[in-house]
Every structure is written in structure tokens, then in C-alpha cells.
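Peer 1: Sequence first, predicted model second:
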Amino acid sequence: MGDIEAPDSNRPRKNVLSVLPSKEFASSRKGMLLIAEVALSFISFVCFAASTAAAFVTVPLLEFLAALFLLFAYSTKFNERFKGFLWPLMDFMRCVTASIIFFIISIIAVSKYVDGSSKAAGIFGFIATIVFALDFYLIFNELATFLKQGGGESNEEPSRQQDEFSDSDSD
């Protein structure tokens, strides 16, 4: 039995890349929204796949994969390595398109199809619409605040900069 050594508890553990989001990120507002988006998109995908409205299965699948990618990127700080991408803008556009398309296909699924899984997919689609809309509203507020501050170029408030320019123009 000398072949297998007992694990040394004093040795520090190596940082292993995990697929699951960290506890800190999962408990944050953005983490909870992304987890809800992933879950609702997947449930909607399964319901559409089991229904007679299977033509709408593509939208929930694509949104599930996009939300899963961003969940992975934000939780592992993958987005901080690639500064060339405008991550908040990309996330904003994803949420806007997802909320609009989920709303449209949910209305069609609930009104046109009579089977139970189509109705369930429509209901989960409406809930996903609300979650995606909440996410793009919060991202929009963050982007608006960032742009009001001058995009990080200056630390002064925009109202002070306008006052300085108007004072120099009056001379």
C-alpha cells in the first residue's frame, strides 16, 4: 500500500479552471441574471423541442449558448484578457435582441399552438423576456453612467467641463 501517498493537506491547492461560476460571481446581480437567462433559455429550448412549435427551437438554443458563454467569460474573468471587445455593448445587444425575439415567439407559441408544451414554452419565453429586459435596462444604466463620465477619459463631471467651456467662450 506504499504506492499511493496520502494527500498533503498542508500543500496549497493549485488554481484549476472551473466550469462552474465562482460563488462571488454567482451571488452578484449580474451572475444571478446570467444564471436565470441560461436556465430559462434552456427550459424554453426543451419545451419548444417537445412541442409542435419546433420551428422556434433555434432562438432559445442560440440565446442559451450566448448566455452560457458570457456566464463563463464573466465568471472566469476571460473578458478582462480581451480588451478589444466591447463586452458591455455586446452583452447589451444580446439582451435587447433576446428580449424582442423571445417576446415575439412567445406570443406566437401561446396564441397559435394548442399543445401544452408550446404553451409552457411561451410562458417560459415571457419570463425570459422579462429577465433579458431587466438585464438590458441595468446594462443601459451602467453604460449611460459611464458615458456621462466621459468614457473614462477624464475624472471630472461632464457638467463641470461644460461650465469651464462656457466660461472661456464668454471672454
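Peer 2: Right, received. Where do you want to start?

Peer 1: pLDDT score for the residue nearest to the spatial centre of the chain?
Peer 2: Central residue check for the chain by Cα atoms, centre = their mean: the C-alpha nearest the mean position is that of residue 34, 4.4 Å away. Looking at residue 34, its pLDDT is 93.

Peer 1: Ok, residue 22 next?
Peer 2: Residue 22 carries a pLDDT value of 77.

Peer 1: what does residue 149 give?
Peer 2: Per-residue confidence (pLDDT) for residue 149: 84.

Peer 1: That one: neighbour count?
Peer 2: Residue 149: 14 surrounding residues under other Cβ atoms under 10 Å. (Each C-beta comes from the backbone N, C-alpha and C, glycine too.)

Peer 1: Which helix runs longest in the chain?
Peer 2: When every helix of the chain is counted residue by residue (DSSP state H), the longest turns out to be helix 116-148.

Peer 1: ok, the nearest residue to residue 121 once chain neighbours are set aside to residue 84 distance?
Peer 2: Sequence neighbours aside, residue 47 is the residue nearest to residue 121 in space, at 3.5 Å (criterion: Cβ to Cβ, 6 or more residues apart in numbering). Using Cβ to Cβ, to the nearest Å, one obtains 37 Å as the distance from residue 47 to residue 84.

Peer 1: And those two? Which one has more around it.
Peer 2: Applying other Cβ under 10 Å to residue 47 and residue 84 shows that residue 47 carries more neighbours, namely 24 against 5.
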